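Peer 1: next input, structure requested:
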Amino acid sequence: MPWRECSVMEERLRFVARILDGEGMSEVCRSFGIFRKTGYKIFNRYKELGLEALCDRSRRPVRYANQLPVQVERLIVACKREKPHWGARKIRERLVRQLAGDVRIPAKSTVHAVLDRHGLVKQARIRRNKASATALSDGRNPNDLWCTDFKGEFRLGNGRYCHPLTVTDHASRFILACEALETTKEAAAIPVFLRLFEDRGLPHAIRSDNGVPFASPNGLYTLSRLSVWWLRLGIAIERIKPGHPQQNARHERMHLTLKRQTTKPAGANTLQQQARFDGFVNEFNEERPHEGLAMKCPAEVYRPSAKPYRGLPDLEYPCHDREVLVTACGRICMHRKKINVSTVLAGQRLGITEVDDGIWLATFMHYDLGYIDLEQRTLQTIDNPFGSRLSPMS
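Peer 2: Numbering: from 1, shown residues only. All right, here's what the predicted structure looks like:
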């Protein structure tokens, strides 16, 4: 239990103990510097629930279906099973009357998301091909899997920082890119991948860690603009677990060799450092035999992808009620109402389908993002369509 929570609980214990000893409520409240209304609230909770009631209650609003109190979720499921023809709107209204203001009532879209997760929605979502972020593929053939990472910043001779962005082919160990960048931002990384896709074609999947720019801690399901671009190109996303670099072991071993041969000492400037990287890449790919390749060089094993880069394919949603465009500020507009989605999806088209009265299912490509509640003007996230590591915003 955190120190602050312990301290608050001890204060409440002392407060209740003095009341139980027979002191007056007004006197005890004055000594603790609180209003009598607060004092009665603390003491009444204690009488109803015992010591457990003295612990701090979370002030975080109920937002996601998987963060609902268990009792509320059970009430939703029980009500649906008792009244199978009722929708989220009627079930929520029953909760309002039944709980009588004792518990914060979830939004209508949250109720619908709970019903969906329990398989109690008639117009259930069609669960199509889902990308998995934690199930790591074998990558046995060239271009089945590319691995990418930033090696780690270091200072150049001129005092500026260098952030090497590296990309390798998992099967052949071939270094596809080693770029001396001045930042880890997407604006610098995207041109590197664009050149790779144009020169080498598209991989089936790209594996990375959960850092910027491959993921965004504030994006929907921690997606970033870079990873959204990969998805649009049909590239699956793989994410290693935090603190488990061994899940990208081949790439990390290459980093050790890269660091030893090119950064000690570092180049005087970015151009000089890039020249060192280029020399290392040429030797690693063309001259250096690799034990894991039966002493072949990576260039002898690697071949360009059979999937050429032809730009972004059009997005179409023929099975949805309508299409909407995510604005530059990350919103969609429906019935003159603005609903926040995520800026990482800015410029993307979504398909939406009405699944209940006032509740719309929002879909990106073949990934169901969540339910839009027009009354609340919110997007209620659901089970993660991109895998468990790409969790909803918090």
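Peer 1: from what I see, residue 92 and residue 113 are in contact.
Peer 2: No: with contacts counted by C-beta atoms under 8 Å, residue 92 stays clear of residue 113, the gap being 12.0 Å. (Glycine included, C-beta is placed from N, CA and C.)
Peer 1: of the two, who's got more company?
Peer 2: The neighbour count for residue 92 versus residue 113, taken as other C-beta atoms under 10 Å, is higher for residue 113 (27 against 20).
Peer 1: is the more buried one in a helix, a strand, or coil?
Peer 2: helix (DSSP: H, G, I helix; E, B strand; the rest coil).
Peer 1: residue 152 too?
Peer 2: Looking at residue 152 with three-state DSSP, the answer is coil.
Peer 1: and for residue 191?
Peer 2: Per three-state DSSP, residue 191 ends up helix.
Peer 1: contacts only, for it.
Peer 2: The neighbourhood of residue 191, defined by C-beta atoms under 8 Å, 6 or more residues apart in numbering, contains no residues.
Peer 1: ok, 10 Å please
Peer 2: 179, 181 (C-beta atoms under 10 Å, 6 or more residues apart in numbering).
Peer 1: likewise for residue 370?
Peer 2: 64-65, 109, 113, 220-221, 341, 360-363, 378-383, 385, 392.
Peer 1: mind checking which of those land in helices?
Peer 2: Mapping the contacts of residue 370 onto helices (DSSP state H) picks out 109, 113.
Peer 1: and the contacts of residue 370, which are buried?
Peer 2: 64-65, 109, 113, 220-221, 341, 360-363, 378-383, 385, 392 (16 or more other C-beta atoms under 10 Å).
Peer 1: what do residue 92 and residue 113 both touch?
Peer 2: 76, 106-107.
Peer 1: tell me where the model's unsure across the stretch 101-250 of the chain.
Peer 2: 101-103, 122-135 (pLDDT under 70).
Peer 1: all helices for it, in order.
Peer 2: Ranges of helices within the stretch 101-250 of the chain are 108-117, 186-200, 225-232, 249-262, based on DSSP state H, counting those that start in this stretch.
Peer 1: picking up where we left off before, how about the shared contacts of residue 92 and residue 113 in CSV, adding neighbour count?
Peer 2: Conversion of the shared contacts of residue 92 and residue 113 to CSV gives the following (neighbours: other C-beta atoms under 10 Å):
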residue, neighbour count
76, 26
106, 27
107, 22
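Peer 1: tell me how many other residues crowd residue 231.
Peer 2: 19.
Peer 1: for residue 315, see how far away it is.
Peer 2: When distance is defined by C-beta to C-beta, to the nearest Å, residue 231 is 11 Å away from residue 315.
Peer 1: ok, now residue 158?
Peer 2: 45 Å.
Peer 1: between those two, who's got more neighbours?
Peer 2: Of the pair residue 158 and residue 315, residue 315 is the one with more neighbours under other C-beta under 10 Å, namely 14 against 11.
Peer 1: and the more buried one, that's in a helix?
Peer 2: No: counting by three-state DSSP, residue 315 falls outside a helix, being coil.
Peer 1: just the mean pLDDT for stretch 367-387, thanks.
Peer 2: For stretch 367-387, mean pLDDT rounds to 80.
Peer 1: contacting residues for residue 138?
Peer 2: By C-beta under 10 Å, 6+ apart, the neighbours of residue 138 are 144-145, 170-171.
Peer 1: one step back: which of the helices of the stretch 101-250 of the chain sits most buried?
Peer 2: helix 108-117 (a mean of 26; mean count of other C-beta atoms under 10 Å).
Peer 1: alpha carbons only: can I get that one in PDB?
Peer 2: What follows is helix 108-117 as a C-alpha-only set of coordinates in PDB (Å, rounded to 0.1, in the frame of the first residue of the first chain):
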ATOM      1  CA  LYS A 108     -24.400   3.400 -22.800                       C
ATOM      2  CA  SER A 109     -21.600   2.400 -25.100                       C
ATOM      3  CA  THR A 110     -19.700   0.800 -22.100                       C
ATOM      4  CA  VAL A 111     -22.800  -1.300 -21.300                       C
ATOM      5  CA  HIS A 112     -22.900  -2.400 -24.900                       C
ATOM      6  CA  ALA A 113     -19.200  -3.200 -24.900                       C
ATOM      7  CA  VAL A 114     -19.700  -5.400 -21.800                       C
ATOM      8  CA  LEU A 115     -22.600  -7.300 -23.500                       C
ATOM      9  CA  ASP A 116     -20.400  -7.800 -26.500                       C
ATOM     10  CA  ARG A 117     -17.500  -9.200 -24.500                       C
END
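Peer 1: how distant is that helix from the center of its chain?
Peer 2: 20 Å (C-alpha atoms, centre = their mean, to the nearest Å).
Peer 1: elements contacting it?
Peer 2: helix 70-82, helix 88-99, strand 349-356, strand 359-364, strand 367-373, strand 378-381 (3 or more C-beta pairs under 10 Å, 6 or more residues apart in numbering; DSSP states H and E).
Peer 1: what angle do the third one and helix 108-117 make?
Peer 2: Which is strand 349-356. Computed by axes from the mean of the first three to the mean of the last three C-alpha atoms, to 10 degrees, the angle separating strand 349-356 from helix 108-117 equals 80 degrees.
Peer 1: list the helices and strands strand 349-356 packs on?
Peer 2: Short answer (3+ C-beta pairs under 10 Å, 6+ apart): strand 349-356 packs on helix 88-99, helix 108-117, strand 322-325, strand 331-334, strand 359-364, strand 367-373.
Peer 1: my read is that residue 108 contacts residue 76, right?
Peer 2: No: Residue 108 is beyond contact range of residue 76, at 11.2 Å (criterion: C-beta atoms under 10 Å).
Peer 1: what do the two both touch?
Peer 2: 88, 91-92.
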